Structure formats: C-alpha cells, structure tokens
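Q: Quick check, what structure comes out for this input:
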Amino acid sequence: MLSIDKKTVNTIRLLGCDAIEKAKSGHPGIVLGSAPILYELWAHHMTHNPKSTNFINRDRFILSSGHGSALLYSMLCVFGYGLSANDMQEFRQFGSLTPGHPELGHTKGVEISTGPLGHGVANAVGMALAERSLGAKFNKDDNKLIDHYTYCLCGDGCLMEGVSYEAASFAGNSKLGKLIVFYDSNNITIEGSTELSFNEDIKARFEAINWQYIKVNDGNDLDAIGKAIETAKAEENKPTLIEVKTVIGYGSPNKSGTSSVHGAPLGEEELKATKAFFGFDPEKSFVLDDDVKEHIADILNKLEAKESEWNNKYEEYKSKYPKDAKELEKWLNCEYGKDLEDNEEFWENDGTERSTRQCSEIILNRAAGLVPNLIGGSADLSPSNLTVMKGRDYLSADTPTGTNVHFGIREHAMAAMSNGMYVHGGFRPYFATFFVFCDYLRPALRMEGIMGIPLIAIFSHDSIGVGEDGPTHQPIEQLASLRCMPNYTVFRPCDLTETAAAYCFALKSEKTPTCIVTSRQTINHVEGTGKNALKGGYIIKEGFKEKPDVILIASGSEVPLIDKAADMLREEGISARCVSMPSMEVFDSQSDEYKNSVLPADCKKRLAVEAASSFGWHKYIGLDGDIISMDSFGVSGKFVELFKKYGFTYDNVAEKARALVNNTKNPA
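A: A predicted model of the protein is given here:
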C-alpha cells in the first residue's frame, strides 16, 4: 500500500498527464518528474490558503518553467483552488481556465504569467525584494506583519536564459534570504542531453554570486526535499538554489529520461503503462480518490488556521498602529497618484527650455513627493536619464527601506523583476534606460501588456538627437515597435507640461503599462501645450482660417519645428494647424468626434514630423499626406548637424507643407 503522500503525488502526476493526453498537447515530462517537489512544498512548508488567495502574507510560488502548466493546474485542482476535473479536461482549450501557460488573473492561484523561460526567476526576485522592502517599511518589533517566502521552480532552460542570471546576480548581491528556487535538474532539453549545450558547474556558479546551494539527489525523496527547504529557510542572508535531480517523465516505461517526453503527450498506450507503474487503474482517467481528498482537507485546515493566526496579528496591528495600517492599505490598493490631474503644483510649467529628460526628472520628483510607494531606478544610467528620487535612500541589504534601486547593467532582469514587484503588491515600480536598449527589455514589456499591469518605463535619449554616439545608440524603429504592441502606451512629450501628462496618465493607469520617451537635447519652448495632452493628441496652434490649409503633426522634440514652420507659412498666407501627438494610443482611444475635431476628415493635406521610423504615421496623414522621418539608421555627429542632414529643420518642414498645399508634393 502506498503512503497517502506518495499516492497524492502520483494523483497530481496523472491528472496532469490525463489533461495533456486529452488535449493532445503539452509537456508531461515535468509533470511526472517534478510533482514531488511541489507537493512537499505546498503540503508541508508553504503558507497559502486556497480559500483566500489574496491575503498579503501568503508565500508566493512561481512556475518559471511555464510550459509545465499542467503540473501547476494539477496542484491547484488537488489543493482546492477551484479547478475541477472538468477544468483539467479542458486543458489548452479555447475559453478554459487551464490555458497553455499560466496566466495572471485568469486562473485562481496563479501568481504571475509565465512562459518565456527565465522570466519567472526574475519575477521571483522582484517579489522577494518587494516582500523585504514592504516588511522593512511596515513591520514592528512586536509584529512582523509582512513575513513570507518566495518560491520558484525552474529548469535547465530557465538557467540558460540570460535574464535568470541577471536576476540571480542581483538577488545574491541584495542578500534576499527569503528567496528559494528549485532547479528541476533532469539533464534533458528538447534537443537531447544537456551535455550538448549546458555542462557547467551550477553549484560553483551560484555560490560565486552569493547564493546558498543545496542538492537533493533523488527527486522522489520527499523527506530530503523537505529537509532542503528547511535548510534554505534557515539561511537569512543568501537566496537558496535547491538543485533536485529528477528523471524527466518519471514512471513512463519507455520514455522516461528522454527528450521525447518533454513536449508531447505520452500516447494512449504509454499513459496506461505509466498509470500501471504508479499502481493506478490504466482504464480510468482524471482520478481524484476520496482518501486523497480527505488528506488534502486535513492539510487545508492547517493552512486555514495559519491565515487565521495572521488575521489576528493584523487586527492587533491595526489596533496598535492605526496610521501605519491605513498607510499599508493605501500602498496595497495603489491609491496614490490618482488625483494628479487636479494638482496644479504638479503641472506647473515655468517655460524654461529643457530636454525632456530634465522635464522627466522634475516631474518624477514631484510624483515622488505625492506617491510614497514609488520605487525604481535605472540600469546604471541614472546620471544620464535623470531617474533618481531626490531625498530618498538607495535600496540595499543594509537599507531595505530605500526606494531608489541600483539595478546594475541588467536591463532584461530590471523590467522582469519590476513586474514581480508590482504583482507582489504594495509598490508602483518604474525602471529606466536609454531608449535604444528597450530591445533588451522587450519580453518583459510584452508580459506587462499581456498581464495588464501598469508598470512605468522611462526611456531617455530618444532619437538621432543622441548625436555623437552614432547609429548603435540612436533609436529609429523603437517608437514604432512599441506603439504596435497591444495594451501598451507610449508617451513622447515635448515639454514639462506634456511630461506631467505622461506621468499623470501612467500613475492613474490600472491595466496598461506606459513608457515615457524623453530627449537628450534641449527642446525649444512651445506655447499652447496643456492638460489636453492627456488625450494623446491635441491642437497646440490654430491657423488663421476657419479651415486649415494644412495640418502639421509631431511629437517630442519635433513639435517646435512645426510650431515655427506654421509661423513661417502664415507669412505666406498659408493657414497651418499644429497638432502635438505625444501618444498615438491614447489619441486613438478618444471618441470619433474628438479625433475629427483635431484631424478633420476634410483636410487631407497633412504633414507628420518625427525623428524616427515613419511606420505607424500613415493612418494620420493618409494617401495625400507626407512625412519627414527616419527610415534609415543614423550616423555619428552633433545632433544639430544630423537634424539638418535628415531634414528636421524649420525650412524643410515649411517646404514640405507648402508642397502639399500647392499640390507639388510628387510632381509628375
């Protein structure tokens, strides 16, 4: 007779394999190999309560190997998180609660969306950082209200991806002792043995970056896994990697230990043989026996009692520290920053000519004075992109209440860690780098859009205005590429007022991430900017006729060009309307009536000006319009020289507009 622990583990294994077999799609190898790790963790070590999945002091579990979702869904099903056997039968089907990879907000108990390998490790680092920082802010000597662990399961693929190493390096340097990562070490990838491509000393690697390393030689040994977890918890100054030697596809008579079991169903006959290996009826599927249910019910009662203990602690906290309790609730509910539109000091503009990175520094610090749970920093570029919150400490192991973060030169992990920090709860993270390097961050930015989490990215050095650094550092296609990402908002402001609008929009957002793209070079002052920038596109200068002869549209540093060109055209009797377009996405979301008031359909002579790719502008200028843009890479040189070379001058804007009005744009 199997012990009830082992029977429960095998139930979890086979539920996942049944789901994969029915779907004819999925990854059974990790389900069979790693189920004991998750069972031991969830049953005997992790603080969680399926009846209350949002209480803030729960331990977090992240499946970095998101392709192993069937394993996570089996755990959620067996542990009473609301997934039924019917849900398991709908694995990977349209509209089901069990999609191909775990999705935040879609399936109860999923802590964060995972799929891109390595990201879950970085997310976990961010969550562990948030836990420590939130605890440092609100815990008292007699009441450690925020006191929980972050666990993560990863595989060979996660550790090969650079993002995981970046994040692990940060975690070791930050001494995140309450971060525990399980490494499902099975020596197999899709192409075959890991010896083909991954043959390094993991122990030496992690110990070198200040991690505790523990090895469990048998992935089926629940006692050994449990002892490893307790040893990990005892280490307070280092994160821990627990390497668990598993057999991929364990229990499959003909496929275990091979690459064929990684990403394809076992097949009907092999699945029956696997069930027989585990002592289950080969003819039955989606089995969850009463004795397993009763066993889990006993575990859940204990877990529920743990939350009750914490709830009592919280009531004591609220009674003894009422101001702190109210402040904590504000942090957790992201209540700060919602009223910035009505704060006139936040919008104050003295008309000084500045670069918009300088504008961003001013507005960021105004926001920091109003939003205490802002936290963030740059990938070692804060002196250049001006993203330090003045008067606030830097976050470190010795100063855990600091909110300026030295992310180091780790752009990829910086964004993925910030995602984890936000999803943990309590903070409004921002992160920053040069705009051209947003390509390093793109997978994490994409995950923000998918999850609908309102992170803030600050990208400076936004165009060929970078100048002497040359084409490797001059963003050309980045604006277009981020603008085409679903559920992502791009703001490219032209002055202090529009920068305030960008921050206001970003901090009010609840479901959409925002990037604020700023210039290195000083931008000439323009009259007419205002809070209507919150609409994405708006009129900053009207022509002298009832209907304009031509409409000039620009964003960021090119707005002064159209402003001056309009004055030049006026002297020639040409009436030009100037439209600033700091955010295409926000403008596109306005009513048709408003959009037509800014860009009336009966004025087809339109000129767009932006020192970046033309891609995306044609929906505004139409077939009869024109554009001054960058559809080639730049060159090294002073930005004034480059703007002249590529046509970003008052005279050229006026000439192009004049040609539209005179129908000489494309002479035969």
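Q: Is S355 in contact with S519, as I believe?
A: Yes. Taking contacts as Cβ atoms under 8 Å, S355 lies within contact range of S519: 4.9 Å. Glycine gets a C-beta too; all of them are placed from N, C-alpha and C.
Q: Between those two, tell me which one has more neighbours.
A: A direct count of neighbours by other Cβ atoms under 10 Å for S355 and S519 places S519 higher, at 28 against 20.
Q: contacting residues for that one?
A: By Cβ atoms under 8 Å, 6 or more residues apart in numbering, S519 lies in contact with 355-357, 460-463, 465, 556-557.
Q: do the same with A228
A: 214, 216, 242, 244.
Q: what helix or strand does it sit in?
A: Element membership for A228 (DSSP states H and E) is helix 222-234.
Q: same question for that helix, mean pLDDT?
A: Here helix 222-234 scores 98 as its mean pLDDT.
Q: Beyond it, next helix or strand please.
A: Counting by DSSP H and E, the next helix or strand C-terminal to helix 222-234 is strand 240-245.
Q: which regions of this protein sit below the pLDDT cut-off?
A: 1-2, 666-668 (pLDDT under 70).
Q: top helix in it by residue count?
A: Using DSSP state H, we find that the single longest helix of the chain is helix 290-320.
Q: what's it packed up against?
A: Secondary-structure packing of helix 290-320 (3 or more Cβ pairs under 8 Å, 6 or more residues apart in numbering; DSSP states H and E): helix 4-23, helix 322-332.
Q: What are the boundaries of the strands in the stretch 351-500 of the chain?
A: Ranges of strands in the stretch 351-500 of the chain, per DSSP state E, counting those that start in this stretch, are 374-378, 404-406, 428-434, 456-460, 489-491.
Q: Quick one: the ones you listed as JSON lines, columns for distance to G530 and mean neighbour count too.
A: Listed next are those as JSON lines, based on distance: least, Cβ to Cβ, whole Å; neighbours: other Cβ atoms under 10 Å:
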{"stretch": "strand 374-378", "distance to G530": "25", "mean neighbour count": "26"}
{"stretch": "strand 404-406", "distance to G530": "31", "mean neighbour count": "22"}
{"stretch": "strand 428-434", "distance to G530": "24", "mean neighbour count": "27"}
{"stretch": "strand 456-460", "distance to G530": "22", "mean neighbour count": "27"}
{"stretch": "strand 489-491", "distance to G530": "15", "mean neighbour count": "26"}
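Q: Format the ones you listed as CSV; extra columns: distance to L441.
A: Converted to CSV, the strands of the stretch 351-500 of the chain look like this (distance: least, Cβ to Cβ, whole Å):
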stretch, distance to L441
strand 374-378, 12
strand 404-406, 15
strand 428-434, 7
strand 456-460, 7
strand 489-491, 14
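Q: State the phi and psi torsions of the nearest residue to A457 once chain neighbours are set aside.
A: Of all residues not flanking A457 in the chain, C515 sits nearest, at 3.9 Å (Cβ to Cβ, 6 or more residues apart in numbering). As for C515, its main-chain torsions (degrees, to the nearest 10) stand at phi -120, psi 140.
Q: same check, this time on E510
A: Backbone dihedrals for E510, given as degrees, to the nearest 10, come out at phi -120, psi -20.
Q: The closest residue to it other than its chain neighbours: neighbour count?
A: Leaving out its chain neighbours, the residue that sits closest to E510 by Cβ to Cβ, 6+ apart is P454, at 6.0 Å. P454 has 20 neighbouring residues, counting by other Cβ under 10 Å.
Q: who's in contact with P454?
A: 422, 428, 506, 509-514.
Q: Now do V247 against D184, distance only.
A: With distances taken as Cβ to Cβ, to the nearest Å, V247 is found 10 Å from D184.
Q: Pull up the overlap in contacts between the two.
A: Residues touching both V247 and D184 (Cβ under 8 Å, 6+ apart) are 33, 219.
Q: Comparing those two, which residue is more hemmed in?
A: Neighbours per residue, other Cβ under 10 Å: of V247 and D184, the larger number sits with D184, 25 against 19.
Q: Would you mind confirming that that one makes contact with L63?
A: No. Counting by Cβ under 8 Å, L63 is not a contact partner of D184; they are 10.3 Å apart.
Q: where do the contact lists of the two overlap?
A: Joint contacts of D184 and L63 (Cβ under 8 Å, 6+ apart) are L153.
Q: thinking again about what came up before, of the strands of the stretch 351-500 of the chain, which approaches W347 most closely?
A: Closest approach to W347 among the strands of the stretch 351-500 of the chain (Cβ to Cβ): strand 489-491, 15.0 Å.
Q: quick one: S84 from A500, how far?
A: 49 Å.
Q: Looking at these two, which one has more neighbours?
A: Ranked by neighbour count (other Cβ under 10 Å), S84 and A500 place A500 first, with 28 against 12.
Q: Surely the more buried one is in contact with W347?
A: Yes. If you go by Cβ under 8 Å, A500 and W347 touch, sitting 5.0 Å apart.
Q: What is the burial count for K619?
A: Around K619 there are 8 other residues, counting by other Cβ under 10 Å.
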